[in-house]
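*Asks:* Quick check, what structure comes out for this input:
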Amino acid sequence: MTATLGGSVELLERALCYTRGRLARVDDDLLDRPTPCEAWSLGDLLAHMEDALDAFTEAAGGEVVVHGGTRAEGRVAAIQQKACALLGAWGGPSPGDVVIATTAGGLDLMSSVLVSTAALEVTVHGWDVGRATGEGAGIPAALARDLVPVAERLVRPEDRGVRFAAPRPVRPEAADDVRLLAHLGRT
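*Replies:* Now for the predicted structure:
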């Protein structure tokens, strides 16, 4: 896992660049298409991505408050704007850790871990967007290689069936993008 905040921000920048390319293929006619996320349409996924970008940007202020409720339909322009805000927020002075406030209490998270988590989320959902739009571009090898240890550290058995499907089997010599996606339950 990227150990420094600077390294995590650089990883996030590469993730945003990759995902920006996937978002370029989205138009309103595709919002009802299914995604690799079971029971989610492309419109649902874009709304989730917009919410996640808001939360990761809020975290640069030192605290995230988890809000429940409905999601508005996401828009590519809004996501792109929020992605730029996210990178800008973490490019300056940031907290040493972030408190994620929930109804059950707070959870302290090191900034570098949080930003690496953002990079993982942005990348994998970018891949999901690409699949929903019919694009076949894989995750760049270096980005996937750097995200594999992030995913292995962050996705725990208790996340299976809730946030992630069961891991998929892969050959030992499989490419890093295949290993990353298989670990997250995608093929």
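*Asks:* Kindly provide the whole-number mean pLDDT of stretch 127-146.
*Replies:* Stretch 127-146 shows a mean pLDDT of 94.
*Asks:* Show me how far that stretch is from its chain's centre.
*Replies:* Chain-centre distance of stretch 127-146: 12 Å, with CA atoms, centre = their mean, to the nearest Å.
*Asks:* Just the residues contacting it, thanks.
*Replies:* 2, 11, 14-15, 18-19, 21-23, 25-26, 30, 33-37, 42, 45-46, 49, 123, 126, 147, 175-177, 179-181, 186 (CB atoms under 8 Å, 6 or more residues apart in numbering). (Glycine included, C-beta is placed from N, CA and C.)
*Asks:* So which of those residues sit within strands?
*Replies:* Using DSSP state E, no member of these falls within strands.
*Asks:* Quick one: buried ones out of those residues?
*Replies:* 2, 11, 14-15, 18-19, 22-23, 26, 30, 33, 35-37, 42, 45-46, 49, 123, 126, 147, 176-177, 179-181, 186 (16 or more other CB atoms under 10 Å).
*Asks:* Rank the helices and strands of this protein by mean pLDDT and give me the bottom one.
*Replies:* The helix or strand with the lowest mean pLDDT-type score in the chain, counting by mean pLDDT, DSSP states H and E, is strand 97-102 (a mean of 50).
*Asks:* Now do the contacts for the residue nearest the centre of the chain.
*Replies:* The chain has Glu121 as the residue nearest its centroid, 1.1 Å off, counting by CA atoms, centre = their mean. Shown in contact with Glu121 (CB under 8 Å, 6+ apart): 52, 56.
*Asks:* just to confirm, which helix or strand has it in it?
*Replies:* helix 111-133 (DSSP states H and E).
*Asks:* Check Pro167 too.
*Replies:* With DSSP H and E as criterion, Pro167 is part of no helix or strand.
*Asks:* Leu120 versus the closest residue in space to it that isn't next to it in sequence, what's the distance?
*Replies:* Nearest non-adjacent residue to Pro167, counting by CB to CB, 6 or more residues apart in numbering: His183, 5.2 Å away. For His183, the distance to Leu120 (CB to CB, to the nearest Å) stands at 10 Å.
*Asks:* list residues touching both of the two?
*Replies:* Counting by CB under 8 Å, 6+ apart, the residues touching both His183 and Leu120 are Ala151.
*Asks:* picking that back up, in helices only, show me the buried ones among the contacts of stretch 127-146.
*Replies:* Of the positions in the buried ones among the contacts of stretch 127-146, 11, 14-15, 18-19, 22-23, 42, 45-46, 49, 123, 126, 147, 176-177, 179-181 sit in helices, assigned by DSSP state H.
*Asks:* tally of neighbours for Gly134?
*Replies:* Gly134 has 9 neighbouring residues, counting by other CB atoms under 10 Å.
*Asks:* Fine, thanks again, bye for now.
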